[in-house]
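Engineer: I would like to see how this sequence folds:
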Amino acid sequence: MNKFVQSAVALLAIPFAVASHAAEPQSPAVAVDLYLKTLVNHDEQAIQQLNDYLRADRLRSGRSADYANAADLKKADEEFPGEVAKMAQKLFPAEQQQALGAPLTALMATVQQARQKSECKVLPSDKPVMDKDVLTANVKFECALVKAPETWVEGIQRLVRTKGSLADNLSGLNQLQAGYAIPLNFTYQGTFGVSMVPKDKNEAWRNDFAREPVDQMFEAL
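Structural biologist: Got it, this is the predicted structure:
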């Protein structure tokens, strides 16, 4: 189960438990840009460029050659709406679940599309700092995002609590989906840390927990 699905399931459960290769990045800012395009947009060209950039250091440290796999991300993207919809269906009355499957899947597909159309850019940042042989750069970034009037998690929870009719729930899911089918309307600013160890002959800026700042960003919506 991919990271986004896991986060989605956890959020739903809370109240109910109760082209050609580009030049290698020479700066931390360019490396962060590739991370963001890979993890936020699943951009295939960025995935390839980031893999090419990180490969030598990953192999030197005994890890797999590639950081991300475009085919795996594509498959996860295809499976995500249906997987979350099936889990959300179970929160509704049994007699409504079948009829709510398609609109729940459509809602989650729109949520995913809204997330992946985010536009991110790196901002001017402080110079890297050396500490105990580790060179670290905290790169500031900014993303234009879709901020819906009500999050899909909050909306589904509300519909379940109100115990409405099938018609009420279908209408509510349509409204939630419409809330995500809007232009980019929210600006988020954050910091993405990357580091290298020059004495180990590292050549690339990297973040072994790169999903964390991305997850924090979407949790802020």
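
Engineer: just the helices in this protein please.
Structural biologist: For the chain, applying DSSP state H gives helices covering 3-17, 28-39, 44-60, 70-89, 94-116, 152-162, 166-180, 211-219.

Engineer: output the second one as CSV - backbone C-alpha positions only.
Structural biologist: Looking back up the chat, that one is helix 28-39. Taking C-alpha atoms only, helix 28-39 is exported to CSV below (Å, rounded to 0.1, in the frame of the first residue of the first chain):
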residue,chain,number,x,y,z
PRO,A,28,20.9,21.9,-3.4
ALA,A,29,18.1,24.0,-4.8
VAL,A,30,18.1,22.1,-8.1
ALA,A,31,18.2,18.8,-6.3
VAL,A,32,15.2,19.8,-4.2
ASP,A,33,13.3,20.9,-7.3
LEU,A,34,13.7,17.4,-8.6
TYR,A,35,12.5,15.8,-5.4
LEU,A,36,9.4,18.0,-5.4
LYS,A,37,8.6,17.2,-9.0
THR,A,38,9.1,13.5,-8.3
LEU,A,39,7.1,13.3,-5.0
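
Engineer: gap between Gln89 and Ala102?
Structural biologist: From Gln89 over to Ala102 the distance is 10 Å, taken as Cβ to Cβ, to the nearest Å. In short, each C-beta sits where N, CA and C put it, glycine included.

Engineer: these two: which has the busier surroundings?
Structural biologist: Taking neighbours as other Cβ atoms under 10 Å, Gln89 and Ala102 compare with Gln89 leading, 17 against 12.

Engineer: can you pull the contacts of the more buried one?
Structural biologist: For Gln89, the contact set (Cβ atoms under 8 Å, 6 or more residues apart in numbering) comprises Gln97, Leu100, Gly101, Leu104.

Engineer: grab the nearest non-local neighbour of it.
Structural biologist: Gln97 (4.5 Å; Cβ to Cβ, 6 or more residues apart in numbering).

Engineer: next, count neighbours for the one you found.
Structural biologist: 15.

Engineer: wait, it touches Met87, no?
Structural biologist: No: counting by Cβ atoms under 8 Å, Gln97 sits too far from Met87 to count as a contact (11.3 Å).

Engineer: which residues touch the spatially most central residue of the chain?
Structural biologist: With distances taken as Cα atoms, centre = their mean, Val40 lies nearest the centre of the chain, 4.8 Å away. The neighbourhood of Val40, defined by Cβ under 8 Å, 6+ apart, consists of Arg115, Gln116, Ser118, Cys120, Cys143, Val214.

Engineer: got the contact list for the last one?
Structural biologist: To tie it back to what came earlier, the one meant is Val214. Leu36, Leu39, Val40.

Engineer: just those now: which is nearest Asp126?
Structural biologist: Nearest to Asp126 out of the contacts of Val214 is Leu36 (Cβ to Cβ; 18.4 Å).
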